[in-house]
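K.L.:
Prediction below, plus the sequence it came from.
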Amino acid sequence: MELESFRVGLTPTIYHIPGFITDEEQTQLLNHIYGASGSKWKTLKNRRLQNWGGMVHEKGLVPQELPSWLTKITEKIHESSGLFPSAINHVLINEYHPDQGIMPHQDGPAYFPVVAILSLGSPVVMDFSPHLRLRSSDDDVSRDQNTGAAESCVPETERDNQHSSSVLLMPRSLLIFKDEAYSDFLHGISDRPTQSYNQVVNEAEALAVSRKDGDKILHRDQTRVSLTCRLVPKVHKNLFRF
Ligand SMILES: O=C(O)CCC(=O)C(=O)O
Ligand SMILES: [Fe+2]
């Protein structure tokens, strides 16, 4: 796969790959996700999530083997992107109803700075906004303890909305962001059931969902499920040796 041809937007480090998996693969993944035990879901205020691969702590991963239905997809991402130095070992599955989202945040320091997000179900708009304060220091950024996934959240007044950009995440697509987009930008999804995709950087995708009347409003009428695939480089191997 020639990754460069999937680059979108002005920042050099966001890639959007439409149709990364087939319809059948999407159905299989959803069956596995919804077939998982009910206790696998953790319910947050604005979404539900399943954590696979082990617990992420600031100091690294307490690992748990990924099931084969997930390694099938993480290996494909690893091989086709060529961006991860070793196998992806952590997958966070988020579920959003049409009135749910994720507040602008930066993924924590425990992860290798490449994120691959596979989208299933309803399309959604993801916003990237630069944040200067994050560039200089992480010290005073509050941690979102809700997810246990070491995210940092920043209040709206401290975001730079002028240089923001948005990407339309279609079902079966893969979004990859890294480097600058990882370190200097916040990413988030609004909790509005209707979202404008007038300004998205992946225009071809936007055209595909455009209605004839030119209304560039996305009506989220289904649930969206995403798989956030990452590498936690530091793994605690000797779990029982203290
Ligand atoms: O659901 C998504 O597309 C984004 C998830 C995300 O940003 C995260 O899990 O850190
Ligand atoms: Fe994130």
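P.N.:
Everything's here; your move. Ligands and ions are numbered 1, 2, ... in the order given.
K.L.:
Counting neighbours, what do you get for Pro193?
P.N.:
Burial of Pro193 is recorded as 15 neighbouring residues (other Cβ atoms under 10 Å). C-beta: built from backbone N, CA, C; applies to glycine.
K.L.:
Tell me which helix or strand the residue of the chain found nearest ligand 1 sits in.
P.N.:
Closest contact between the chain and ligand 1, by Cβ to the nearest ligand atom, is at Ser226 (3.5 Å). Using DSSP states H and E, Ser226 maps to strand 224-230.
K.L.:
For that strand, give the mean pLDDT please.
P.N.:
In this model, strand 224-230 has a mean pLDDT of 98.
K.L.:
give me the low-pLDDT residue ranges for this protein?
P.N.:
11-12, 132-162, 210-214, 238-242 (pLDDT under 70).
K.L.:
how about the helices in it?
P.N.:
23-35, 68-81, 132-136, 179-183, 203-209 (DSSP state H).
K.L.:
Rebuild those as JSON lines, extending it with distance to ligand 1 and mean neighbour count.
P.N.:
Below are those laid out as JSON lines (distance: least, Cβ to the nearest ligand atom, whole Å; neighbours: other Cβ atoms under 10 Å):
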{"stretch": "helix 23-35", "distance to ligand 1": "13", "mean neighbour count": "14"}
{"stretch": "helix 68-81", "distance to ligand 1": "14", "mean neighbour count": "17"}
{"stretch": "helix 132-136", "distance to ligand 1": "15", "mean neighbour count": "12"}
{"stretch": "helix 179-183", "distance to ligand 1": "11", "mean neighbour count": "17"}
{"stretch": "helix 203-209", "distance to ligand 1": "15", "mean neighbour count": "14"}
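K.L.:
Including distance to Gly101, could those go into JSON lines?
P.N.:
JSON lines is the format used below for these (distance: least, Cβ to Cβ, whole Å):
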{"stretch": "helix 23-35", "distance to Gly101": "19"}
{"stretch": "helix 68-81", "distance to Gly101": "23"}
{"stretch": "helix 132-136", "distance to Gly101": "20"}
{"stretch": "helix 179-183", "distance to Gly101": "19"}
{"stretch": "helix 203-209", "distance to Gly101": "18"}
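K.L.:
Select, out of those helices, the one closest to Val167.
P.N.:
helix 203-209 (8.5 Å; Cβ to Cβ).
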